[in-house]
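Sequence and predicted structure below; questions after.
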Amino acid sequence: MTESDKVFSGSIPELYDSYLVPLIFEAYAEDLAKRVAKLKPMTVLETAAGSGVVTRAVASRLRKDARYFVTDLNQPMLDHASGKQGEDERISWRQADALKLPFEDCFFDVVLCQFGAMFFPDRIAGYKEAYRVLKPGGQFLFNVWDRIDANEFAKMATEAATAVFPEDPPLFLARTPHGYHDVAKIKNDVEAAGFAKISIETKAETSVAPSPRHPAVAYCQGTPLRNEIEARDASLLEMVTDRAEEAIAARFGSANVAGKIRGHVITAVRDD
């Protein structure tokens, strides 16, 4: 992972939320929220909250007297998330590093993280922090994307960028969001942090968009792939987006499009 992989600024948060969230994140957010709700927690921590799609799904299912702490390392994304959420006395927003959480030991019933672990520079350290702040018997729930070959629009956006920059392809999507997909490695990392009773479920969904342009903009302009493209030649951002749109249209048609997406959902218990 490079430094630019973690930069969600400028127009990226708004494009991310408007295009990418309904495209690929909402279904998995609803899944995590349902899993959290079944646990009936009183104290919940969300790390790497991004634009707040999970926050919105979880908050609507929490008890009225619950406490929900929502954090992200990236302040522009956190500002966007809090603005979308609206007033809710149960929620506290805080910029925080998932690897150095500003919370006391054994405080939370649940820690959750949607598609954020791939961005941790030291994943085991991040999992250890989740373990530390969980109460004994508390649960850590998170998800990560499967390999890029199992996520069609992401793969096609990467191929479009590679075609424009063949000598120095922008590989953000393959490297980071889809770079931490090996189930055995994930389980080993979570175990190394101290967790027991680990379960990993591979969950496939369908990514639906109203046009080929939608996923092209989502991936090429609403993620740090944009940073990589602009670092090479900002004038070619639209060309990469157009190439991705053309490829998606050629495969899925020019109206509504639907592509395969797949991720892993991990549940781990602090069993001490």
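On my side now, so go ahead. All values derive from a computational prediction rather than experimental measurement. Numbers count the residues shown, from 1 in each chain.

Now for the closest residue in space to Leu236 that isn't next to it in sequence: which residues touch it?
Counting by CB to CB, 6 or more residues apart in numbering, Leu236 lies nearest to Val164, which is 5.7 Å off, once chain neighbours are set aside. All C-beta spots, glycine's among them, are computed from the backbone N, C-alpha and C. By CB atoms under 8 Å, 6 or more residues apart in numbering, the contact list for Val164 reads 229, 236, 239-240, 243.

rerun that using 7 Å as the cut-off
Residues near Val164 by CB atoms under 7 Å, 6 or more residues apart in numbering: 236, 239-240, 243.

For the residue most central in space within the chain, give its distance to Ile266.
Nearest to the mean C-alpha position of the chain, by CA atoms, centre = their mean, lies Phe115 at 2.7 Å. Using CB to CB, to the nearest Å, we find Phe115 at a distance of 12 Å from Ile266.

got it, and Leu173?
Using CB to CB, Leu173 is found at 21 Å from Ile266.

where's the nearest residue to Glu191 once chain neighbours are set aside, which helix or strand?
Spatially, and ignoring its direct neighbours in sequence, Glu191 is nearest to Ile198 (6.5 Å; CB to CB, 6+ apart). In the assignment (DSSP states H and E), Ile198 maps to strand 196-209.

name the helices or strands packed onto the helix or strand just after that strand?
Sequence-wise, the next helix or strand downstream of strand 196-209 (DSSP H and E) is helix 213-221. Helices and strands touching helix 213-221, by 3 or more CB pairs under 7 Å, 6 or more residues apart in numbering; DSSP states H and E, are helix 152-164, helix 225-233, helix 237-252.

Give me the angle between helix 213-221 and helix 237-252.
140 degrees (axes from the mean of the first three to the mean of the last three CA atoms, to 10 degrees).

Give me the contacts around helix 213-221.
Contacts of helix 213-221 with the rest of the structure, by CB under 7 Å, 6+ apart, involve 15, 19-20, 23, 153-154, 157, 173, 209, 225-226, 229, 237, 240-241, 244-245, 248, 257.

likewise stretch 190-197?
Under the criterion CB under 7 Å, 6+ apart, residues 124, 127-128, 131, 140, 198, 266, 268-271 lie in contact with stretch 190-197.

got the end-to-end distance for it?
Using CA to CA, to the nearest Å, one end of stretch 190-197 lies 10 Å from the other.

Which parts of this structure are helices?
Applying DSSP state H to the chain gives helices spanning 12-15, 26-39, 53-59, 75-85, 123-133, 152-164, 172-175, 183-192, 213-221, 225-233, 237-252.

shared neighbours of Phe115 and Ile266, which are they?
Asn143.

related to what we said a few turns ago, how about the helices and strands packed on helix 213-221 in a markdown table, adding distance to Val53 and mean pLDDT?
Output for those, formatted as a markdown table (distance: least, CB to CB, whole Å; pLDDT from 0 to 100):
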| stretch | distance to Val53 | mean pLDDT |
| --- | --- | --- |
| helix 152-164 | 17 | 98 |
| helix 225-233 | 19 | 96 |
| helix 237-252 | 23 | 98 |
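
so what's Ala154 up against?
Taking CB under 7 Å, 6+ apart, one finds 148, 173, 178, 219 in contact with Ala154.

ugh, wrong one, I meant Val36
With CB under 7 Å, 6+ apart, Val36 has these contacts: 44, 58, 110, 112, 141.

can you do 6 Å?
Contact analysis of Val36 by CB atoms under 6 Å, 6 or more residues apart in numbering lists 58, 110.

thinking Asn151 is in contact with Gly259, fair?
No. With contact defined as CB atoms under 6 Å, Asn151 does not reach Gly259; the gap is 7.8 Å.
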